[in-house]
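Visitor: 3D, please:
(one chain, ligands or ions: 3)
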Amino acid sequence: MSGNRTGDAVLTGDAVPTGDAVPAGSAVLIRDVRVYGEGEPTDVLVTGGIVAAIGPDAAAGAGEDAEILDGAGQVLLPGFVDLHTHLREPGREDTETIDSGSAAAALGGYTAVFAMANTSPVADSAVVTDHVWRRGQEVGLVDVHPVGAVTVGLAGEQLAEMATMASGVGRVRMFSDDGHCVHDPLIMRRALEYSSALDVLVAQHAEEPRLTVGSVAHEGPTAARLGLTGWPRAAEESIVARDALLARDAGARVHICHASTAGTVELLKWARSQGISITAEVTPHHLLLDDSRLETYDAVNRVNPPLREASDVEALRRGLAEGVIDCVATDHAPHAEQDKCCEFAAARPGMLGLETALSIVVSTMLRPGLLDWRGVAKVMSERPAEIVGLDDQGRPIEVGEPANLVLVDPDTEWTVHGPELASVANNTPYESMTLPAKVTATVLRGRITARDGKVRPKGDR
Ligand SMILES: NC(=O)N[C@@H](CC(=O)O)C(=O)O
Ligand SMILES: [Zn+2]
Ligand SMILES: [Zn+2]
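Guide: Numbering: from 1, shown residues only. Ligands and ions are numbered 1, 2, ... in the order given. From the prediction side, this is the model:
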């Protein structure tokens, strides 16, 4: 991790977590693995936190104490990067903590996650964003990058001190009021202008609030039949269109969180054709699930933006395959049982995603032939790292590159059980579903953080 993380430490006298809090492991030898799922199986040696050798001679460089990962039948990819995670610390540690969320991330194959700002207190100051970074480094399973709020208290009225957060120990590089839309166009315009000057990313939760008053489900035949208040596609699309224009005029870039409609895909295409710097993510749940799930009124399916129709799911998959949508982000959103196991309209929106993301991408994109393993690496690791400007993540698997890696068994399957996931909360929409492919090991800067469904023990990080 390069860059200035020293400013605040000088003021506070604290130790400075530099991104090296996970010590470089001695050596890891990954045997008989297919890199990007291509070519013949080979060996990959990792020493000093970097990829030291690839090929039949790699094993010769491993010392006797090297940890061995058997990669037979498995695929090696760059560690995943999640631009959209809710870790609930500070404030709702009864649903997730940086510790438990980091474990879920490592088990899901992630080496970096971005923790959203809608905590309590809100991450609208360097005190909070620095804490999140430091705590993530202490836990030592994944780099937890804090997302800073765009506006004070997520209230949408006054810009937060973006520059202070960007220059703090936590070095904030992404700002978002996620959970809320920055709906005032003048505030959004100013945020984009500042973000350009600071070279940071603004990520928009695109929801025109006047169109979603009381909304709990996608506006369409299903919601009408079930008597649920509808959330029109236009609530999302009008903000995507508006923000594309604001980004154009500010000469800034803007990132769209959790794209959910076919119309958003069309707008992204249009904006790109105009040379506008706009990027977008899609969640695993919007790639797999549609609003037919609502029939049971089970609030585990309540999420913002809502599950849409099968035609939207189809358009999102195609958009991701074609690169119109840049990447997959989980929007991992843990909630307490009392906030989910209640009447649909009273439940909090959001669902778990970190440990199931890869399997959903395999089932919706890889198995149908919309992406190959290179494509999976691109949408889950390379593009997100590029979008946010992380120079040590999403790198090619080549000698001399940082060893942030994930080992995947493509041929296995597993059945999801909420209580068995590492998250404190259990609100997975995939309960009892059997999913393809599983992460078998994750390597962060040359150190194994997760292996065979278990994270590295605390005393050994
Ligand atoms: N996605 C959700 O339904 N909920 C998120 C907020 C958000 O991403 O908008 C949450 O914080 O729970
Ligand atoms: Zn959101
Ligand atoms: Zn979110």
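Visitor: between the two ends of stretch 408-428, what distance do you get?
Guide: Across stretch 408-428, the terminal residues are separated by 21 Å (C-alpha to C-alpha, to the nearest Å).
Visitor: need the helices for the stretch 101-250 of the chain, in chain order.
Guide: 126-139, 162-166, 185-198, 221-226, 233-250 (DSSP state H, counting those that start in this stretch).
Visitor: swap that for the stretch 251-400 of the chain, please
Guide: Using DSSP H, counting those that start in this stretch, helices in the stretch 251-400 of the chain cover 262-273, 284-288, 310-322, 337-340, 357-361, 373-377, 383-388.
Visitor: turn the helices of the stretch 101-250 of the chain into a markdown table, columns for mean neighbour count, distance to ligand 3 and mean pLDDT.
Guide: For every residue, glycine as well, the C-beta is placed using N, CA and C. Putting these into a markdown table (neighbours: other C-beta atoms under 10 Å; distance: least, C-beta to the ion, whole Å; pLDDT from 0 to 100) gives the following:
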| stretch | mean neighbour count | distance to ligand 3 | mean pLDDT |
| --- | --- | --- | --- |
| helix 126-139 | 23 | 15 | 98 |
| helix 162-166 | 20 | 18 | 98 |
| helix 185-198 | 18 | 18 | 98 |
| helix 221-226 | 14 | 21 | 98 |
| helix 233-250 | 20 | 14 | 98 |
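Visitor: and of those, who's closest to residue 419?
Guide: Each of the helices of the stretch 101-250 of the chain has some distance to residue 419 by C-beta to C-beta; the shortest is helix 126-139, at 21.5 Å.
Visitor: what about residue 139, distance to residue 87?
Guide: From residue 139 over to residue 87 the distance is 10 Å, taken as C-beta to C-beta, to the nearest Å.
Visitor: just to revisit the earlier point, could I get the helices of the stretch 251-400 of the chain in a markdown table, plus columns for distance to residue 37?
Guide: Below are these laid out as a markdown table (distance: least, C-beta to C-beta, whole Å):
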| stretch | distance to residue 37 |
| --- | --- |
| helix 262-273 | 27 |
| helix 284-288 | 19 |
| helix 310-322 | 17 |
| helix 337-340 | 36 |
| helix 357-361 | 13 |
| helix 373-377 | 3 |
| helix 383-388 | 18 |
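Visitor: could you dump those helices to JSON lines with mean pLDDT, distance to ligand 2 and mean neighbour count?
Guide: As requested, the helices of the stretch 251-400 of the chain are exported to JSON lines (pLDDT from 0 to 100; distance: least, C-beta to the ion, whole Å; neighbours: other C-beta atoms under 10 Å):
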{"stretch": "helix 262-273", "mean pLDDT": "99", "distance to ligand 2": "13", "mean neighbour count": "19"}
{"stretch": "helix 284-288", "mean pLDDT": "99", "distance to ligand 2": "12", "mean neighbour count": "25"}
{"stretch": "helix 310-322", "mean pLDDT": "99", "distance to ligand 2": "16", "mean neighbour count": "18"}
{"stretch": "helix 337-340", "mean pLDDT": "98", "distance to ligand 2": "16", "mean neighbour count": "16"}
{"stretch": "helix 357-361", "mean pLDDT": "99", "distance to ligand 2": "16", "mean neighbour count": "26"}
{"stretch": "helix 373-377", "mean pLDDT": "98", "distance to ligand 2": "24", "mean neighbour count": "20"}
{"stretch": "helix 383-388", "mean pLDDT": "98", "distance to ligand 2": "16", "mean neighbour count": "23"}
